[in-house]
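>>> coordinates for the following, if possible.
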Amino acid sequence: MNPISKTFERFKADFEKVIGESESKLADRISVHLENFFIEVAQAIENCESPIEKLISLELNQAIKQSRLERMVDVIEVNPQAEVEVYEGRPKERLYRVDLLVRLTKFISAVDSIEYAFAIECDGHDYHERTKEQAARDRQRERDLMNHGITVIRFTGSEIYDDPFGCAREAIQIMEHYVQNIFRF
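Take a look at the predicted model:
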């Protein structure tokens, strides 16, 4: 018997012992909660491209639930492989794809809100800084994103593999700090 089935059977037996009768809808309700959980997990990794992106996205989803962010802001959006346009309409207009774009919105009135944007970048050694030109492009890209109001949070692939939840938690702590200490429109 798998661990989920064992847990369910123990829960069911405890329920019957305490209540004195079987709960006919118990299995249905647990099923709904498990289905919602699996849908949430699938959505967290659905559009991620690499294993390290999937790891941190999955852990970021969990870290958000354990953080103060949900009490600090009204909307939290996590978008894997998001495209960000910088310098729109200008000669040096560029379109960048970020590994994970986290947008936080806090409504301060019916028409005004404070918005924060964070790009979480997962730097696998195969794609980043193999040459001086790649390193220069990465640094320019980071400056362009920051100039566009997007705070860049970088982790190496090794950091993510070694401690994906720790990386996600660190990213959340940075976001909490920004929301708590830096006022934006």
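
>>> so which elements touch the helix or strand where Lys6 lies?
Lys6 is part of helix 3-19, with elements assigned from DSSP states H and E. In this structure, helix 3-19 makes packing contacts with helix 26-45, judged by 3 or more C-beta pairs under 8 Å, 6 or more residues apart in numbering; DSSP states H and E. All C-beta spots, glycine's among them, are computed from the backbone N, C-alpha and C.

>>> does Thr151 count as helix, strand or coil?
The three-state label for Thr151, taken from DSSP: H, G, I helix; E, B strand; the rest coil, comes out as strand.

>>> quick check: it touching His177?
No. Because the distance of 10.2 Å does not satisfy C-beta atoms under 8 Å, Thr151 is recorded as not touching His177.

>>> the two: which has the busier surroundings?
Summary of the neighbour comparison: Thr151 and His177, criterion other C-beta atoms under 10 Å, with Thr151 having more neighbours (16 against 10).

>>> low-confidence ranges, the chain, go.
Residues of the chain meeting the criterion pLDDT under 70: 1, 19-27, 125-130, 183-185.

>>> for it, longest strand please?
With residue count as the measure and DSSP state E as the assignment, the chain has strand 94-107 as its longest strand.

>>> immediately after that one, which helix or strand?
Per DSSP H and E, strand 94-107 leads on to strand 113-123 as the next helix or strand towards the C-terminus.

>>> tell me what the following helix or strand past that following strand is packed against?
Next along the chain after strand 113-123, taking DSSP H and E as the criterion, comes helix 132-147. For helix 132-147, the packing partners by 3+ C-beta pairs under 8 Å, 6+ apart come out as strand 75-86, strand 94-107, strand 150-156.

>>> neighbours of Arg103, how many?
By other C-beta under 10 Å, the burial measure for Arg103, its neighbour count, is 16.

>>> re the thing from before, return the set of buried residues in the helix holding Lys6.
Residues Phe8 are the ones in helix 3-19 that count as buried (16 or more other C-beta atoms under 10 Å).
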